[in-house]
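In: Everything below, folded, please.
(one chain, ligands or ions: 1)
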Amino acid sequence: MAEKITPRSQDFSQWYQDVVLQAKLADYSPVKGCMVIRPNGYAIWEQIQKDLDRRIKKTGVRNAYFPMLIPESFLKREAQHVEGFAPEVAVVTYAGGKELEEKLVIRPTSETIINSMFAKWIQSYRDLPLLINQWANVVRWEMRTRLFLRTTEFLWQEGHTCHATPEEAELETRQMLEVYTKFAEETLAIPVIPGRKSENEKFAGALSTYCIEAMMQDAKALQAGTSHNLSSNFAKAFDTQFLDKDGKQKHVHQTSWGVSTRLIGGMIMTHSDDKGLVLPPKLATTHVVIIPIMAKVETKDQVLAACEKVSQSILDDAGIQKLPYDTGIFIDKDEQKQPGWKFFEYELTGIPVRIEVGPRDLEKGQVVLTRRDEGKKEFIPLADVPARVSAILIDMQKSLLEKARAHRDANTHRTETYEEFKAQIDKVGGFHVSPWCQSRECEAQVKEETKATIRCLPLDADYQTIPEPGKCMACGAAGPNIRAIFARSY
Ligand SMILES: [Zn+2]
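Out: Numbers count the residues shown, from 1 in each chain. So this is what the prediction gives:
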């Protein structure tokens, strides 16, 4: 038997680490802060890539690849950008047996190197919009790291687009935020709040940053994706210009947007339980595990034959074919391991449906079916298995989202005063939708005194109007104020 997972109620952070390590999703690397993504974890990343890549391409974006090494001087061209990233940049100074004439930065993000190419490729308005995405690794030297959530090297996609007008750039920024919102909810089953970042929290070099914010089971926030309107900031630094219809040279207006392997951490902290990983079916590669009960020699062959039949009947079923993902089925015929060990293992690794096939149930023409997130056993007649599996996969995807949404809503509060906020954030955490005068000082004070930050200024008008924001939570100024979501975060 593997080690026991620490219960969430005892130590949430230890629970998370236990799930990641014991479900063999990732491991620590010899280099501090880096992570090794193991096959169980990488399979989830591949599902994320497949689904999101399709959504991104539907908006007309194409994939490309840019180098990992960036001349140091590139990073310095955009003043805010270098200031924002300097503390976490790793630099190559020595290669090919000698000191390099110009140091090379290992990309923390690719706005600069991509702009150097855009400047070459774009001449006229006919070259616009230019819509590029890349799937890549990036390196940001982090002091405090946690598997998937914050690692020195991580995998992500970064989209970079160029447009003729500021309006088009803003539309693109918002469109990608919408793509991320739908992806998070439909595929990861993570409910998110789309919003705008405060000036203080926005991307270094952006005009504005939009984000989606999720709530984990411990009522802390996790930023699940960002979309930046870069205006012409990088275009000016790299002289990315085009000849417009009116015959004038103009700088392009740009966007960039990304999500990373951090989503895997967010997905774990949203759905998993004290038995291990709970995986939304759309992210699973094995959806059903069939476990033959082979204790008696005389019924073993009959049981194994029944397992094959059950597996085939699921694969042949029209209902399964209509699901938006390939249904993977695995029959665990290993005789060295007891069924009890297998139950434990597949709960730990988050396989959505478990089917036990035993001689006594077969006599009654049935099998035992267990759904991972609910853990209840059902006796299902053989003929009904395919339909039941397909119904469970659909329902589980939906109910994980609903459960997470109910949890988030129960932990979201309209908090009007600072006294109330300070008491609540310590006691129950959660999201606090509170009035703010939009000053940096008030934002900094709240962060300093409570470790809570402004996660976003929610775009949904309901947050702003019911009830109308009154006096600023921090300074008491009468307004005009807006509502911001304050929370402690990962
Ligand atoms: Zn204030």
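In: and residue 356, helix, strand or coil?
Out: Using DSSP: H, G, I helix; E, B strand; the rest coil, the structure places residue 356 in strand.
In: what sits against it?
Out: Listed by CB atoms under 8 Å, 6 or more residues apart in numbering, the contact set of residue 356 reads 291, 293, 339, 367-370. For the C-beta atoms, the positions are set from N, CA and C on the backbone; glycine is no exception.
In: if I look at it, how far off is the ion?
Out: 60 Å (CB to the ion, to the nearest Å).
In: Quick check, pLDDT for that residue.
Out: Residue 356 carries a pLDDT value of 98.
In: repeat for residue 435
Out: pLDDT at residue 435 comes out at 95.
In: I figured it was touching residue 467, is that so?
Out: No - between residue 435 and residue 467 there is no contact under CB atoms under 8 Å: 9.6 Å.
In: With neighbour numbers in mind, choose between these two.
Out: A direct count of neighbours by other CB atoms under 10 Å for residue 435 and residue 467 places residue 435 higher, at 25 against 10.
In: and the more buried one, bridged to which residues?
Out: residue 483 (DSSP bridges).
In: OK, contacts around it?
Out: Contacts of residue 435 (CB under 8 Å, 6+ apart): 416, 469-473, 479, 481-483.
In: Mind picking the two most distant members of those?
Out: 416 and 482 (13.8 Å; CB to CB).
In: phi, psi of residue 428?
Out: Main-chain dihedrals, residue 428, degrees, to the nearest 10: phi -120, psi 0.
In: ok, now the one 3 residues further on?
Out: Note on residue 431: its backbone torsions stand at phi -90, psi 130 [degrees, to the nearest 10].
In: how close does the nearest residue to it once chain neighbours are set aside get to residue 406?
Out: Spatial nearest neighbour of residue 431, chain neighbours left out: residue 412 (4.3 Å); criterion: CB to CB, 6 or more residues apart in numbering. To residue 406, residue 412 is 11 Å away according to CB to CB, to the nearest Å.
In: again with residue 35
Out: For residue 35 relative to residue 406 (CB to CB), the value is 32 Å.
In: Please apply the same query to residue 330.
Out: With CB to CB as the criterion, residue 330 and residue 406 are 32 Å apart.
In: quick one on the thing from earlier: would you check that the residue nearest to residue 431 makes contact with residue 428?
Out: No - using CB under 8 Å, residue 412 is not in contact with residue 428, being 10.9 Å away.
In: These two: which is more packed in?
Out: residue 412 (18 against 12).
In: so what's the more buried one scoring on pLDDT?
Out: For residue 412, pLDDT reads 96.
In: which ones are touching it?
Out: Going by CB under 8 Å, 6+ apart, the list of residues near residue 412 reads 215, 430-433.
In: Now secondary structure, neighbour count and distance to the ion too, for these, in TSV please.
Out: Converted to TSV, the contacts of residue 412 look like this (DSSP: H, G, I helix; E, B strand; the rest coil; neighbours: other CB atoms under 10 Å; distance: CB to the ion, whole Å):
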residue	secondary structure	neighbour count	distance to the ion
215	strand	31	25
430	coil	24	21
431	strand	26	19
432	strand	26	15
433	strand	21	16
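In: Leaving out the residues flanking it, which one is nearest to residue 135?
Out: That would be residue 157: by CB to CB, 6+ apart, it lies 5.0 Å from residue 135.
In: Could you report the distance from that neighbour to residue 141?
Out: According to CB to CB, residue 157 stands 21 Å off from residue 141.
In: In terms of neighbours, single out the busier of these two.
Out: Comparing residue 157 with residue 141 by other CB under 10 Å, the one with more neighbours is residue 157, at 20 against 15.
In: Could you name the helices and strands sitting against the helix or strand harbouring residue 212?
Out: Assigned by DSSP states H and E, residue 212 falls within strand 208-215. Applying 3 or more CB pairs under 8 Å, 6 or more residues apart in numbering; DSSP states H and E, one finds that strand 208-215 contacts helix 166-186, strand 193-196, strand 221-231, helix 385-410, strand 453-458, strand 482-487.
In: Please spell out which residue in the chain sits farthest from the middle.
Out: Most distant from the centre of the chain: residue 298, at 49.1 Å, with distances by CA atoms, centre = their mean.
In: Wait, a helix at that one?
Out: Yes - according to three-state DSSP, residue 298 belongs to a helix.
In: Residue numbering should commence at 36 henceforth.
Out: Sure thing, new numbering starts at 36, so read that last one as residue 333.
In: Report the separation between it and residue 106.
Out: Taking CB to CB, one finds residue 333 at 73 Å from residue 106.
In: Find the residue closest to residue 294 in space, skipping its chain neighbours.
Out: Nearest to residue 294 is residue 260, by CB to CB, 6+ apart, at 4.2 Å.
In: no wait, residue 121
Out: Nearest non-adjacent residue to residue 121 (CB to CB, 6+ apart): residue 110, at 8.0 Å.
In: and the one you found, what element?
Out: Going by DSSP H and E, residue 110 is part of helix 107-111.
In: got the CA positions of that helix in PDB?
Out: In PDB, the C-alpha atoms belonging to helix 107-111 read as follows (Å, rounded to 0.1, in the frame of the first residue of the first chain):
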ATOM      1  CA  GLU A 107      19.600  40.700 -23.100                       C
ATOM      2  CA  SER A 108      19.300  44.000 -24.900                       C
ATOM      3  CA  PHE A 109      15.900  43.100 -26.200                       C
ATOM      4  CA  LEU A 110      14.500  42.800 -22.700                       C
ATOM      5  CA  LYS A 111      15.800  46.300 -21.900                       C
END
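In: Can you mark which positions in it are buried?
Out: Within helix 107-111, the residues scored as buried using 16 or more other CB atoms under 10 Å are 107, 109-110.
In: thinking again about what came up before, so between residue 70 and residue 441, which is more surrounded?
Out: residue 70 (25 against 11).
In: Wasn't residue 344 part of a helix?
Out: Yes - assessed by three-state DSSP, residue 344 belongs to a helix.
In: Can I get the helices and strands packed on strand 243-250 in CSV including distance to residue 81?
Out: Below are the helices and strands packed on strand 243-250 laid out as CSV (distance: least, CB to CB, whole Å):
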stretch, distance to residue 81
helix 201-221, 15
strand 228-231, 26
strand 256-266, 18
helix 420-445, 18
strand 488-493, 29
strand 517-522, 31
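In: Indicate which one of those is closest to residue 149.
Out: strand 256-266 (10.9 Å).
In: Would you check how far apart residue 423 and residue 350 are?
Out: Distance from residue 423 to residue 350, by CB to CB: 15 Å.
In: quick one, which of those two is more surrounded?
Out: Taking neighbours as other CB under 10 Å, residue 423 and residue 350 compare with residue 423 leading, 19 against 15.
In: Now for the more buried one: which residues touch it?
Out: Neighbours of residue 423 in contact, by CB under 8 Å, 6+ apart: 404, 413, 415.
In: Tabulate these (a markdown table), appending pLDDT and neighbour count.
Out: Compiled in a markdown table, the contacts of residue 423 are given as follows (pLDDT from 0 to 100; neighbours: other CB atoms under 10 Å):
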| residue | pLDDT | neighbour count |
| --- | --- | --- |
| 404 | 98 | 21 |
| 413 | 97 | 14 |
| 415 | 98 | 19 |
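In: Sitting in strands, which of these do you find?
Out: 404, 413, 415 (DSSP state E).
In: what distance separates the helix or strand that contains residue 89 from the middle of the whole chain?
Out: Using DSSP H and E, residue 89 maps to helix 74-93. Relative to its parent chain, helix 74-93 has a centroid offset of 11 Å by CA atoms, centre = their mean, to the nearest Å.
In: between that helix and strand 256-266, what angle do the directions make?
Out: Interaxial angle of helix 74-93 relative to strand 256-266 (axes from the mean of the first three to the mean of the last three CA atoms, to 10 degrees): 30 degrees.
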